[in-house]
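Trainee: Structure, please.
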Amino acid sequence: MVDFTRKFIEPDPSGFGEFEVTGRPLAGNTYKLVITVPRYDAVTSVDRVLVLLKDGTTLQTLLMTNVGGRRGASLFNTNITIPIQDFLIAIEGLDKTGHTFRRLDPKLIAPLALKLECKQMGRQYRVQDGNVYVNETYNVTYTVYNIGSTEADIDVMISDQDGLTPIPTAHSYTLQGRDNVTRQFLMRVGSEVGHVE
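Mentor: Next comes the predicted model:
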């Protein structure tokens, strides 16, 4: 019997080192997938990772690199682009008798799949000499889509370098799978450029 564990790894934002992704992976992102096979000595090889839908359809077949391990265990890695659909991870290889084996991690992975669109401000956003007009109101309209299949808690935040950011600077939502919401931030420029009322 061959078991395995898996984790998604991404570079640290500081540029130094890597860290394990906690929570749900983000659809469309590419992560390092690290597979640990604790009883590697019980098989001849572990060759592939399969990314599968619940019904068994193969989305991706990924070749792995054996990067070492310790006494009887072995570590493998590959890069994986997270699909939008919920998915499962399986490994394939050869057992000691030369037969192909497949082991499936039964935990369904539900990626976080979000899309954010900001509407053009068009005529509302007038600029003169690099500055917005004073005593005017600007609407920053956006739509956030949960294109995944499960509920997601979402925070949308706004900021700018000129101090025109409205209060509140964040909106929070809970969106069901395949749902969306359209909202706006209202910015009011005061009587002086860069002054928010």
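Trainee: Output stretch 93-100 in CSV with nothing but the alpha carbons.
Mentor: Provided in CSV are the C-alpha atoms of stretch 93-100 (Å, rounded to 0.1, in the frame of the first residue of the first chain):
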residue,chain,number,x,y,z
GLY,A,93,3.8,4.8,-10.7
LEU,A,94,5.1,1.3,-10.9
ASP,A,95,4.9,-1.2,-8.0
LYS,A,96,7.6,-3.8,-7.2
THR,A,97,5.9,-6.3,-9.6
GLY,A,98,6.1,-3.8,-12.5
HIS,A,99,2.3,-3.1,-12.5
THR,A,100,1.0,0.5,-12.7
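Trainee: Which parts of this structure belong to which domain?
Mentor: Domain assignment for the chain by automatic domain parsing gives 5-109, 114-188.
Trainee: Give me the residues contacting stretch 4-17.
Mentor: For stretch 4-17, the surrounding residues in contact (CB atoms under 8 Å, 6 or more residues apart in numbering) are 18-21, 25, 29, 31-38, 46, 77, 80, 82, 89, 91, 103, 105. Backbone N, C-alpha and C define where each C-beta goes, glycine included.
Trainee: before we move on, what about stretch 102-117?
Mentor: For stretch 102-117, using CB under 8 Å, 6+ apart, the contacting residues are 2-4, 6, 23-28, 50, 52, 54, 82-92, 142-150, 152, 154, 156.
Trainee: what's the answer for stretch 29-45, then?
Mentor: Stretch 29-45 is contacted from outside by 1-10, 18, 21, 25, 46, 49, 62, 64, 69, 72-82, 89, 91, 93-96, 98, 101, using CB under 8 Å, 6+ apart.
Trainee: Can you report how many residues lie near Gly68?
Mentor: Applying other CB atoms under 10 Å, we find 8 residues neighbouring Gly68.
Trainee: What distance do you get for it to Tyr145?
Mentor: 42 Å (CB to CB, to the nearest Å).
Trainee: where's Gln85, which helix or strand?
Mentor: In this assignment (DSSP states H and E), Gln85 forms part of neither any helix nor any strand.
Trainee: my guess is it meets Leu59, correct?
Mentor: Yes - using CB atoms under 8 Å, Gln85 is in contact with Leu59, at 7.1 Å.
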